[in-house]
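1. Need coordinates for the below:
(one chain, ligands or ions: 1)
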Amino acid sequence: MTETLFRDDAYLRSSPATIVAVTPEGGIVLDRTVLYAQGGGQPGDAGRIVRQGGLAIAVANTIYGPDRSTIVHLTAAGSAVPSPGEQVTVELDWEKRLPRMRVHTALHLLSVVLPYPVTGGSVGEGEGRLDFDIQEAGLDKTDITEKLQALVDRDAPVSFRWITDEELDANPGLVKTMSVKPPRGSGRVRLVEIEGIDLQPCGGTHVRRTGEVGTVVVSDIEKKGKQNRRVRIKLV
Ligand SMILES: [Zn+2]
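-> Numbers count the residues shown, from 1 in each chain. Below is the predicted model:
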């Protein structure tokens, strides 16, 4: 089992860790990591695994293992292969991660500006999107941008807490994303709260205050079928 340090502190950029296993493909499993594993529409992090002596192994992407209890750090072909038990330092590519945290948090705000069921979404590089289950056309880019930026500018604190599966079942209205159910099985679910604005289950990485999103605009609104609108945002 890999301890998910990024979930308790999204700003943590490095940590000591121990190599637990190396997959046949050269993927490295650690006992703990600061690298977000791809999921929930957010890409896996890049970074480095630094060995004692200072030699670094580049991590191109981070994914869950087959049973989702471990996290696998994917390295380039030909990388050095460490041994289980080896003590290392795992380092996050923060320059890549921070814009993803800003976009991800902005998508929470977008789901408040457009309070419709969400059928999908993703975080890209400096941009992201949500798909809404709505029929009506006439969504206005400028209008949504203004409302979104107004929420950003409230500089509301973003925090999280854990609840039990039973508490979530008792409050089904918390789940906005129909296609991405909150992860089950661990007996607890992480609720992310943007004070006075939004509360929903989410396992992603967020900024600490909405003001850190910066300037964001709606870049595109696409019709995806009769009952679906895709709204794209980007950082500027
Ligand atoms: Zn989130």
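2. Looking at this structure, which residue is nearest the ion?
-> residue 202 (3.2 Å; C-beta to the ion). (Each C-beta comes from the backbone N, C-alpha and C, glycine too.)
3. Spatially nearest residue to that residue, not counting backbone neighbours?
-> residue 192 (4.4 Å; C-beta to C-beta, 6 or more residues apart in numbering).
4. which ones are touching that neighbour?
-> By C-beta atoms under 8 Å, 6 or more residues apart in numbering, the residues touching residue 192 are 108, 158, 159, 160, 198, 199, 200, 201, 202, 204, 206.
5. Make a ChimeraX selection of the buried ones in these.
-> Here is the ChimeraX command that picks out the buried ones among these, judged by 16 or more other C-beta atoms under 10 Å:
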select :108,158,160,198,199,200,201,202,204,206
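6. Any chance of CSV for the contacts of residue 192, columns secondary structure, distance to residue 93 and pLDDT?
-> Below are the contacts of residue 192 laid out as CSV (DSSP: H, G, I helix; E, B strand; the rest coil; distance: C-beta to C-beta, whole Å; pLDDT from 0 to 100):
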residue, secondary structure, distance to residue 93, pLDDT
108, helix, 23, 96
158, strand, 22, 98
159, strand, 25, 96
160, strand, 23, 93
198, strand, 28, 92
199, strand, 30, 89
200, strand, 27, 87
201, strand, 27, 86
202, coil, 22, 89
204, coil, 17, 92
206, coil, 18, 97
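7. Quick check: residues of this protein near the ion?
-> 202, 204 (C-beta under 5 Å from the ion).
8. Quick one: name whatever helix or strand follows the lowest-mean-pLDDT helix or strand in the chain.
-> In the chain, no helix or strand scores lower on mean pLDDT, DSSP states H and E than helix 165-169, which sits at a mean of 84. For helix 165-169, the following helix or strand on the C-terminal side (DSSP states H and E) is strand 188-194.
9. Low-confidence stretches in this protein?
-> For the chain, applying pLDDT under 70 flags the ranges 137, 175-186.
10. Go ahead and flag the most central residue of it.
-> residue 204 (3.0 Å; C-alpha atoms, centre = their mean).
11. so who does it touch?
-> Contacts of residue 204 by C-beta under 8 Å, 6+ apart are 36, 40, 41, 42, 104, 123, 192.
12. Let's verify the nearest residue to residue 65 once chain neighbours are set aside: helix, strand, or coil?
-> Leaving aside its chain neighbours, residue 65 sits nearest to residue 72 (5.3 Å; criterion: C-beta to C-beta, 6+ apart). Of the three states, residue 72 takes strand according to DSSP: H, G, I helix; E, B strand; the rest coil.
13. oh, and call the first residue 32 from now on, that's how I've got it
-> Happy to do that; since the first residue is 32 now, the last one works out to residue 103.
14. If residue 103 is in a bridge, with which residues?
-> Bridge pairing for residue 103 (DSSP bridges) gives the partners residue 60, residue 94.
15. where does the residue lying farthest from the centre of the chain land in three-state SS?
-> Using C-alpha atoms, centre = their mean, the residue of the chain lying farthest from its centre is residue 84. It sits 32.1 Å away. For residue 84, the assignment made with three-state DSSP gives coil.
16. re the thing from before, got a winner among the contacts of residue 235 for most neighbours?
-> Neighbour tally across the contacts of residue 235 (other C-beta atoms under 10 Å): the maximum, 27 neighbours, falls on residue 67.
17. what helix or strand is it on?
-> Per DSSP H and E, there is no helix or strand for residue 67.
18. Correct me if wrong: it contacts residue 73.
-> Yes: counting by C-beta atoms under 8 Å, residue 67 touches residue 73, with 6.5 Å between them.
19. what touches both of these two?
-> Going by C-beta under 8 Å, 6+ apart, residues that sit against residue 67 and also against residue 73 are 235, 236.
20. I'm done for today, thanks for sticking with me.
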